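Q: Just to be clear, the model below is a prediction. Sequence and coordinates:
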There are 2 protein chains.
Amino acid sequence: MATRSYDQFCTLARTLDIVGERWTLLVLRELMLGPKRFTDLLDGLPGIARNLLAARLRHLERAGLIRRRELPPPAASHVYELTGDGRALGPALSELGRWGAERLPPPPPDVAFRPGWIVFPMSYMADRAAARDLDETWEFRVDGDDFHLRVAEGRVEPRAGRADEPSLILTLDATTLRQIFSADLLPLDAFSQGRIGVEGEPEALEHCLAVLAGPEVTALLASRQAEAE
Amino acid sequence: MATRSYDQFCTLARTLDIVGERWTLLVLRELMLGPKRFTDLLDGLPGIARNLLAARLRHLERAGLIRRRELPPPAASHVYELTGDGRALGPALSELGRWGAERLPPPPPDVAFRPGWIVFPMSYMADRAAARDLDETWEFRVDGDDFHLRVAEGRVEPRAGRADEPSLILTLDATTLRQIFSADLLPLDAFSQGRIGVEGEPEALEHCLAVLAGPEVTALLASRQAEAE
DNA sequence: CGGTATCCGCAAAGATACTG
DNA sequence: CAGTATCTTTGCGGATACCG
């Protein structure tokens, strides 16, 4: 944002001079999961005009937050990826997203939805105490859109694509995922209705539920198992 | 922001639907230090148009982030103040500000400056480890603009106005403050040049320097004292 | 596929005058 | 002091054409 700067001796205002324009933080959100091509970004930012995306990318590149990288010959193309400075905005994005996750009502049913967007609330709403002693990777496959959570050293980090050696693989469709995050569907009901395919270590599923769905779900799971026996 | 929503099932996007418009986060920054009147806000947001400020305040009030409160009769006026939801955005503002503080070059000399803006970088750039066992309040008086830092339980919190029982009172002018935060002037040099008036407990000054100026300054201070003896 | 260039209509931003 | 009203300018959204 060279034009229309706040021109204030304030670190917040100066940060917003760079990332405060419309769409800019969402472009960074898209790149937080990994490098993306121009058209991938267009798809992840429904509503943005092509020329605006081009302008934002040029601006972010000149500001040193992203980098344009040519891919090796076979894949005649290029991708945009975060630099260290760009990635360093992750905590700020998390705090903003957490605020919304904790206080905003579920969105109307007609808003745009991309499975990959869900991995962020997953990561920063996770129960870190429950994740404390875990070292696992949980992979999610949602209608061809794959992502995973790396859980280690008490952190829960979102990543794009498939994992190397996932402890757990959950396969579900976008509708199911969306319903769970709209609080229209309980995770356990989704499992019992066969809407979530499970591969991997049984304990990993328990851990995943404990970390992502909270202690109530863990307790509920335990009581249901007790009933079944 | 009722109009021009991102319309995405994403907590970050939905947060930005509310606070992502130009000036909105800076209005919240102004209110983070305490309640303010309309004209106080205008002064703290140089460049904003009056009608825009009115629009932002109305929007934030309807979104439940701020509240308009009538003052008791003697002071025939009203103030705007944060609600709990509004105050909850503090960590997000801090993360954005921290990013800028750590990576952006010093601003050009002609940008607008308000002493109160400095208290935010002071608080989130503070050395929390050094503040760990402290229970003090450091008050700053800068050209009639007063603020203080409350240091307790390992936290360093910015506050507006004068403190109740400050451990330390530093009096300086805006130019000195600005030079220090532009890295044009070392804090210790400002002291030795008599540009900072000091009242209060001597240990509090040491603590303040250790927490705000870092271990190097503390070491330097110790070595100078050793030379003097 | 990965953009750039251009045009249009509208809504937001900015500047200033005015009022209770 | 605390805004509202009015006007101009700029950015944004959307479409489409073009090009390596």
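A: Cool, got the structure. Numbers count the residues shown, from 1 in each chain, chains lettered A, B, ... in the order given.

Q: per-residue confidence at the residue lying closest to residue A:166 once chain neighbours are set aside?
A: Distances taken as C-beta to C-beta, 6 or more residues apart in numbering or on different chains place residue A:139 nearest to residue A:166, at 3.9 Å, with adjacent residues excluded. Where you see a C-beta, it was placed from the backbone N, CA and C, and this is true even at glycine. pLDDT, residue A:139: 97.

Q: Next: residue A:229.
A: 68.

Q: same deal with residue A:73?
A: pLDDT at residue A:73 comes out at 64.

Q: quick one on the thing from earlier: what's the spacing between the residue nearest to residue A:166 and DNA strand C?
A: 25 Å (C-beta to the nearest atom of the strand, to the nearest Å).

Q: same deal with residue A:89?
A: 21 Å.

Q: if we can go back for a sec, where does the residue nearest to residue A:166 sit, in terms of helix or strand?
A: strand A:135-142 (DSSP states H and E).

Q: thought residue A:185 was touching residue A:179?
A: Yes - the criterion here is C-beta atoms under 8 Å, and residue A:185 meets it with residue A:179 at 3.8 Å.

Q: Contacts only, for residue A:150.
A: Contacts for residue A:150 (C-beta atoms under 8 Å, 6 or more residues apart in numbering or on different chains) come out as A:137, A:156, A:157, A:159, A:163.

Q: Looking at these, spot the one nearest residue A:202.
A: Of all the contacts of residue A:150, residue A:202 sits closest to residue A:137, with 15.5 Å by C-beta to C-beta.

Q: Using the three-state scheme, assign the nearest residue to the closest one once chain neighbours are set aside.
A: Excluding the flanking residues, the one nearest residue A:137 by C-beta to C-beta, 6+ apart is residue A:163, at 4.4 Å. Look at residue A:163: counting by DSSP: H, G, I helix; E, B strand; the rest coil, its state is coil.

Q: same deal with residue A:184?
A: Going by three-state DSSP: residue A:184 is coil.

Q: what does chain A have sitting close to DNA strand D?
A: Within reach of DNA strand D by C-beta under 7 Å from any atom of the strand, chain A has these residues: A:3, A:4, A:21, A:22, A:23, A:47, A:48, A:49, A:50, A:51, A:52, A:55.

Q: Touching, the third one and residue A:56? I think so.
A: Meaning residue A:21. Yes - contact criterion C-beta under 8 Å: residue A:21 and residue A:56 qualify, at 7.3 Å.

Q: before we move on, back to that, name every sheet partner of the strand holding residue A:139 and say whether each one runs parallel or antiparallel.
A: strand A:145-152 (antiparallel), strand A:168-172 (parallel) (DSSP bridges).

Q: Convert the helix or strand harbouring residue A:204 to PDB, retaining C-alpha atoms only.
A: Assigned by DSSP H and E, residue A:204 belongs to helix A:202-213. Taking C-alpha atoms only, helix A:202-213 is exported to PDB below (Å, rounded to 0.1, in the frame of the first residue of the first chain):
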ATOM      1  CA  PRO A 202      -6.800 -46.300  16.900                       C
ATOM      2  CA  GLU A 203      -5.200 -44.300  19.600                       C
ATOM      3  CA  ALA A 204      -4.500 -41.500  17.100                       C
ATOM      4  CA  LEU A 205      -8.300 -41.200  16.600                       C
ATOM      5  CA  GLU A 206      -8.800 -40.900  20.300                       C
ATOM      6  CA  HIS A 207      -6.100 -38.300  20.600                       C
ATOM      7  CA  CYS A 208      -7.500 -36.400  17.600                       C
ATOM      8  CA  LEU A 209     -10.900 -36.200  19.100                       C
ATOM      9  CA  ALA A 210      -9.600 -35.200  22.500                       C
ATOM     10  CA  VAL A 211      -7.500 -32.400  21.000                       C
ATOM     11  CA  LEU A 212     -10.000 -31.100  18.500                       C
ATOM     12  CA  ALA A 213     -13.400 -31.900  19.900                       C
END
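
Q: Tally up the residues packed near residue A:165, please.
A: 8 (other C-beta atoms under 10 Å in any protein chain shown).

Q: so what's it up against?
A: Here residue A:165 is in contact with residue A:137 (C-beta under 8 Å, 6+ apart).

Q: Is residue A:163 in contact with residue A:148, as I believe?
A: Yes - applying C-beta under 8 Å as the test, residue A:163 and residue A:148 come out as touching, 4.2 Å apart.

Q: Now the common contact residues for those two.
A: A:137, A:138, A:139.

Q: Mind picking the one among those that's closest to residue A:121?
A: Using C-beta to C-beta, the shared contacts of residue A:163 and residue A:148 come closest to residue A:121 at residue A:138, 14.5 Å.

Q: neighbours of the closest one, just the number please.
A: For residue A:138, using other C-beta under 10 Å, the count is 25.

Q: as a whole number, average confidence for the helix holding residue A:204?
A: 92.

Q: Just the buried residues of that helix, please?
A: A:204, A:205, A:207, A:208, A:209, A:210, A:211, A:212, A:213 (16 or more other C-beta atoms under 10 Å in any protein chain shown).

Q: Can you tell me which of those lies closest to residue A:116?
A: Nearest member of these to residue A:116, counting by C-beta to C-beta, is residue A:212, at 16.1 Å.

Q: Other residues contacting stretch A:34-48?
A: In contact with stretch A:34-48 (C-beta under 8 Å, 6+ apart) are residues A:23, A:26-27, A:30-31, A:50, A:53-54, A:57, A:69, A:77-81, A:112, A:114, A:116, A:159-161, B:6-8.

Q: List the buried residues of it.
A: A:34, A:35, A:36, A:38, A:41, A:42, A:44, A:45, A:48.

Q: for those, which one is nearest DNA strand D?
A: Taking C-beta to the nearest atom of the strand as the measure, DNA strand D lies nearest residue A:48 of the buried residues of stretch A:34-48, at 5.7 Å.

Q: so when I look at the closest one, I'm seeing a helix, right?
A: No - per three-state DSSP, residue A:48 lies outside any helix segment and is coil.

Q: returning to what we had before: comparing residue A:163 and residue A:148, which residue is more hemmed in?
A: residue A:148 (24 against 19).

Q: ok, now which ones touch the more buried one?
A: A:137, A:138, A:139, A:140, A:159, A:161, A:162, A:163, A:166.

Q: Quote the end-to-end distance of stretch A:5-23.
A: 16 Å (C-alpha to C-alpha, to the nearest Å).

Q: quick one: that stretch near chain B?
A: Yes - against chain B, stretch A:5-23 shows contacts by C-beta under 8 Å from any C-beta of the partner chain at A:6-16, A:18-20, A:22.

Q: now the residues you listed: which count as buried?
A: Buried members of the residues of stretch A:5-23 next to chain B, counted by 16+ other C-beta under 10 Å: A:6-16, A:18-20.

Q: of those residues, closest to DNA strand D?
A: residue A:20 (9.3 Å).

Q: My read is that that closest one contacts residue B:22, right?
A: Yes - under the criterion of C-beta under 8 Å, residue A:20 makes contact with residue B:22 at 7.1 Å.
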